[in-house]
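In: Please find the sequence and the predicted model below.
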Amino acid sequence: MDLVLIESLAVDTVIGVYDWERTITQRLVLDLELATDIRPAAAGDDIALTLDYAAVSERIAAFAGEHDFALVETFAERLATALREEFAIAWLRLTVRKPGAVAAAAAVGVRIERGTPPEGS
Ligand SMILES: Nc1nc2c(c(=O)[nH]1)N=C([C@H](O)[C@@H](O)CO)CN2
């Protein structure tokens, strides 16, 4: 299976279960693995034939700015659904980290996989 990667993408959003968290933006850091057959793009050297990681990154930043969830679980699930629909992604793995949420941890968060890995992968 070929993957397009986005690593340590930082986005700012309103997120958290506590009242004080509803009044501020906090940083989330995302890692994504996006299943894509890269061979057509490589054969034609054509961005139009692959998943544009810059476009996906911009969409994620916009998504973060548009929403204010309580849980990182909700952020991850809703983002995964939106990306799969809008970019026709058959399978993805998404890690959402919330640095600083637990003082003694470098980060806490969730990792999900959604969709079906493409045939022959
Ligand atoms: N599994 C989760 N646990 C917790 C979450 C969460 O989103 N998922 N959120 C919080 C608070 O918002 C915390 O991040 C504030 O520091 C606590 N536990």
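Out: Sure thing, it's come through.
In: quick one: the helices in the chain?
Out: Counting by DSSP state H, the chain has helices at residues 39-44, 53-66, 72-87.
In: Give me whichever of these is most buried.
Out: A comparison of these by mean neighbour count, using mean count of other CB atoms under 10 Å, puts helix 72-87 on top with a mean of 17. Where C-beta positions appear, they are placed from N, C-alpha and C, glycine not excepted.
In: and that helix, how far out from the chain's middle?
Out: Using CA atoms, centre = their mean, to the nearest Å, we find the averaged C-alpha position of helix 72-87 to lie 7 Å away from the chain's own average C-alpha position.
In: same check, this time on stretch 16-33
Out: 14 Å.
In: Not counting its own residues, what contacts it?
Out: Counting by CB atoms under 8 Å, 6 or more residues apart in numbering, stretch 16-33 makes contact with 3-15, 56, 60, 64, 68, 70-72, 75, 83, 92-101, 107, 109, all of which sit outside it.
In: coming back round to it: looking at the helices of the chain, spot the one closest to Glu113.
Out: Glu113 lies closest, by CB to CB, to one member of these: helix 72-87, at 8.8 Å.
In: and the chain, which residues reach the ligand?
Out: Within the chain, the positions lying close to the ligand (CB under 6 Å from any ligand atom) are Gly16, Val17, Tyr18, Glu21, Leu71, Val72, Glu73, Lys98, Ala101.
In: separation between the nearest residue to the fifth one once chain neighbours are set aside and Ala70?
Out: If you skip the residues right next to it in sequence, Leu71 has Val17 as its closest partner in space, 6.8 Å away by CB to CB, 6 or more residues apart in numbering. For Val17, the distance to Ala70 under the criterion CB to CB, to the nearest Å works out to 5 Å.
In: re earlier: list only buried entries from the contacts of stretch 16-33.
Out: Burial by neighbour count, 16 or more other CB atoms under 10 Å: within these this picks out 4, 6, 9, 11, 13-15, 56, 60, 64, 72, 75, 83, 92-98, 101, 109.
In: could you dump the helices of the chain to a markdown table with mean pLDDT?
Out: Listed next are those as a markdown table, based on pLDDT from 0 to 100:
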| stretch | mean pLDDT |
| --- | --- |
| helix 39-44 | 97 |
| helix 53-66 | 98 |
| helix 72-87 | 98 |
